[in-house]
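Chemist: Okay, sequence plus prediction incoming.
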Amino acid sequence: MISKANYQKVLADLAPHQTQLVAVSKTKPNEDILALYQEGQRIFGENRVQELVPKQEALPKDIQWHLIGHLQSNKVKYIAEFVDTIHSIDGLKLLKEVNKQAAKHDRTINCLLQFHIAEEESKFGLSLEKAQELLRSEAFGNMQNVTITGVMGMATFTDDQAQVRKEFQALKSFFDQLKDTFFADVDSFKEISMGMSGDYAIAIEEGSTLVRVGSLLFGSR
């Protein structure tokens, strides 16, 4: 059951900042996604390939699907034909596979470099050094079917707002450094995917362009 009131509030919070909402629909039934679609939402985020594929087949074709969870290389082929943006690029091997599978469908897939900004070890992601290494690599230079459009990160799951803010500031700093060094003249490098249901307000203040909100819209899982 979606919350229309929460949806309108999130949109109102985002509007002054031109931040976009990725409605995180993982584990939620198609009816709930359709209900939000009918409210005007078009960008939806899923964590798992095996859940995303049947949803994409069943739901309206103008939905822009984002894969926001950890992605294994061997699963890329199942989503390469339709996925708009992959938020979770955490290494060159995965990016190579995305490029290869996108080429088979003669399309370009938007990709965000995922950074490890949280204190929790369980979170995936690159360090700044590894990201720079990837972007300097000959392999990346030869890729024709991926576009790096920005960065993504997940803050520590904590009530300490100062810590969350510090981690979001770190991600913004990584974005700025990559922009200056590698993408100074590239308009498409513009996305900072950070902020979820519990911390999106802080994320907006710290420069987020994409917030990934699920439980506020769809109820807890």
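Modeler: That came through fine.
Chemist: send the alpha carbons of stretch 98-106 over as CSV?
Modeler: The C-alpha trace of stretch 98-106 is given here as CSV (Å, rounded to 0.1, in the frame of the first residue of the first chain):
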residue,chain,number,x,y,z
VAL,A,98,28.2,-4.0,-18.7
ASN,A,99,30.0,-2.5,-21.8
LYS,A,100,30.1,-5.9,-23.5
GLN,A,101,26.4,-6.7,-22.9
ALA,A,102,25.2,-3.2,-23.8
ALA,A,103,27.1,-3.5,-27.1
LYS,A,104,25.1,-6.7,-28.0
HIS,A,105,21.9,-4.6,-27.8
ASP,A,106,23.5,-1.6,-29.6
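Chemist: Give me the pLDDT for Glu121.
Modeler: Per-residue pLDDT puts Glu121 at 72.
Chemist: Just give the number of residues close to it.
Modeler: 6 (other C-beta atoms under 10 Å). For every residue, glycine as well, the C-beta is placed using N, CA and C.
Chemist: My understanding was that Gly207 contacts Lys172; is that so?
Modeler: Yes - taking C-beta atoms under 8 Å as the definition, Gly207 is a contact partner of Lys172 at 4.6 Å.
Chemist: Mutual contacts of the two, please.
Modeler: Ile192 (C-beta atoms under 8 Å, 6 or more residues apart in numbering).
Chemist: just the helices in this structure please.
Modeler: Ranges of helices within the chain are 4-14, 30-38, 49-58, 76-79, 92-104, 128-136, 138-141, 161-182, 200-205, 215-218, based on DSSP state H.
Chemist: Any stretches of this protein with poor pLDDT?
Modeler: Along the chain, segments meeting pLDDT under 70 span 122-123, 221.
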